[in-house]
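Engineer: test case, fold it:
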Amino acid sequence: MKNRFWCILLILCVSVICGCGKEKSVESDDGFKIYYLNKSENKLMSVGYTLKNDETDKAVEEVADRLSKVSKKINYINALPEGVKIKGYEINDNTLSMSFSMEYLTMKKSREIMCRAAIVLTMTQIKGIDYVSFSVENEPLKNSTGENIGPMKAADFVDSAGSSINSYQNVEITLFFGNSGGDKLVEQKFSKIYSENVSMERYIVDSLIKGPGDSEMTRTVPEQTKVISVTTKDGICYVNLGGTFLSDTLDVTDEVEIYSIVNSLCELTNVNKVQFSIDGDTNMKLHGKFDLNKTFSRNLDICEQQD
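Structural biologist: Residues are numbered from 1 along each chain as shown. Prediction:
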């Protein structure tokens with residue numbers, strides 16, 4: 001009887017292992033991941049996957065095939081919509097160039113951004129692939145202004161700390177950069193892939209540091225600025241920056257530099273005011289003259305009027 005018991009137990013264990021399949025729990029943080037969309041098409045979710053191939057080109061072929069297959073998770077949707085085909089790909093200097101059928105261009109903008117992020121985040125996990133570029137019928141994929149999007153890396157879709165995370169979502173944010181003269185603010189709306197591992201307030205400050213996507217706008221936050229912390233309590237967003245923010249000079253006025261951050265953060269429903277500190281000290285002055293020792297509210301008078 002004892003031997004029979006252990007035999008039955010062994011059979012059950014083997015059955016469980018075999019039934020696990022290649023897709024692992026979405027909560028898994030280890031190993032390779034295939035990225036999918038949630039049913040609302042506004043978030044990316046990852047599912048663990050075991051690669052069969054170690055060679056780069058064969059691994060790319062395997063993953064490309066996997067991206068076209070339906071997930072076993074009933075609430076997950078393929079990154080590539082039905083009807084969009086991968087026409088071909090090639091690998092040069094750690095860059096994977098992927099060509100898609102014309103149906104790719106029929107996706108809604110928000111859906112396309114999520115699709116692109118899922119593919120980049122999935123493919124760049126393959127050894128030897130650092131960048132992914134997109135084309136449609138051999139024509140480079142372009143953004144809304146008609147410029148080539150160019151090769152993308154995983155870091156373009158993760159938070160500034162480079163955290164390994166499972167979930168992303170597409171968000172619309174409004175940022176304020178300097179005008180060409182540097183004396184007024186210009187509003188710019190973005191559709192961005194946002195990591196749920198970082199607060200929206202921190203994400204906005206990080207986006208301002210990256211600079212404007214429009215060549216006619218002017219950077220308002222020094223590129224080398226270190227973000228120590230960004231937290232919000234009772235409607236006040238506390239922005240703690242490194243000393244570089246005070247010393248580096250830009251082609252904008254001090255008011256534009258400060259209210260670029262303030263106005264962008266105050267676009268959030270939970271932020272009414274902004275308090276700055278430098279390395280934890282609030283009693284500081286920007287460029288030695290602009291007092292930061294107060295809370296700042298939205299200032300629309302400094303915004304350039306747009307048609």
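Engineer: rest of the way, CA atoms for contacts and neighbours
Structural biologist: OK.
Engineer: any idea which helix or strand carries residue 207?
Structural biologist: Element membership for residue 207, per DSSP states H and E: helix 200-210.
Engineer: buried set for the helix or strand just after that helix?
Structural biologist: Counting by DSSP H and E, the element after helix 200-210 in chain order, helix or strand, is strand 227-233. Residues of strand 227-233 classed as buried by neighbour count (16 or more other C-alpha atoms under 10 Å): 227, 230, 232.
Engineer: what do you get for stretch 295-305?
Structural biologist: Of all the residues in stretch 295-305, those buried under the rule 16+ other C-alpha under 10 Å are 296, 297, 298, 302, 303.
Engineer: ok, now stretch 283-293?
Structural biologist: Those would be 284, 286, 292, for stretch 283-293 by 16+ other C-alpha under 10 Å.
Engineer: out of these, who's nearest residue 65?
Structural biologist: Of all the buried residues of stretch 283-293, residue 65 sits closest to residue 286, with 53.9 Å by C-alpha to C-alpha.
Engineer: contacting residues for the closest residue to the closest one other than its chain neighbours?
Structural biologist: Closest residue to residue 286 apart from its sequence neighbours, by C-alpha to C-alpha, 6 or more residues apart in numbering: residue 246 at 4.9 Å. Counting by C-alpha atoms under 8 Å, 6 or more residues apart in numbering, residue 246 touches 285, 286, 287, 288.
Engineer: Three-state assignment for residue 246, please.
Structural biologist: Classification of residue 246 using DSSP: H, G, I helix; E, B strand; the rest coil returns helix.
Engineer: from memory residue 43 sits against residue 37, does it?
Structural biologist: Yes - look at residue 43 against residue 37 with C-alpha atoms under 8 Å: they come within range, at 5.6 Å.
Engineer: which of the buried residues of stretch 295-305 sit farthest apart?
Structural biologist: Pairwise distances across these peak at 15.3 Å for 296 and 303 (criterion: C-alpha to C-alpha).
Engineer: so where's the chain uncertain?
Structural biologist: Under the criterion pLDDT under 70, the flagged ranges of the chain are 1-30, 144-145, 158-170, 193-197, 214, 306-307.
Engineer: if we can go back for a sec, in TSV, list the buried residues of stretch 283-293 along with secondary structure and distance to residue 89.
Structural biologist: Shown next, in TSV, are the buried residues of stretch 283-293 (DSSP: H, G, I helix; E, B strand; the rest coil; distance: C-alpha to C-alpha, whole Å):
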residue	secondary structure	distance to residue 89
284	coil	54
286	strand	50
292	coil	52
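Engineer: residues contacting the helix or strand hosting residue 296, please?
Structural biologist: Following DSSP H and E, one finds residue 296 within strand 295-297. With C-alpha under 8 Å, 6+ apart as the test, strand 295-297 has contacts from 262, 263, 266, 272, 273, 274, 275, 276.
Engineer: which among those gets closest to residue 200?
Structural biologist: residue 266 (11.5 Å).
Engineer: wait, what's in contact with the nearest residue to the closest one once chain neighbours are set aside?
Structural biologist: Of all residues not flanking residue 266 in the chain, residue 272 sits nearest, at 5.6 Å (C-alpha to C-alpha, 6+ apart). Neighbouring residues of residue 272 by C-alpha under 8 Å, 6+ apart: 235, 236, 237, 266, 297, 298.
Engineer: how about these in JSON lines, adding distance to residue 185?
Structural biologist: Listed next are the contacts of residue 272 as JSON lines, based on distance: C-alpha to C-alpha, whole Å:
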{"residue": "235", "distance to residue 185": "23"}
{"residue": "236", "distance to residue 185": "22"}
{"residue": "237", "distance to residue 185": "20"}
{"residue": "266", "distance to residue 185": "14"}
{"residue": "297", "distance to residue 185": "15"}
{"residue": "298", "distance to residue 185": "12"}
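Engineer: residue 174: which of those residues is nearest?
Structural biologist: residue 266 (9.7 Å).
Engineer: wait, isn't that closest one in contact with residue 273?
Structural biologist: Yes - contact criterion C-alpha under 8 Å: residue 266 and residue 273 qualify, at 6.7 Å.
Engineer: shared neighbours, these two?
Structural biologist: Common neighbours of residue 266 and residue 273, using C-alpha under 8 Å, 6+ apart, are 297, 298.
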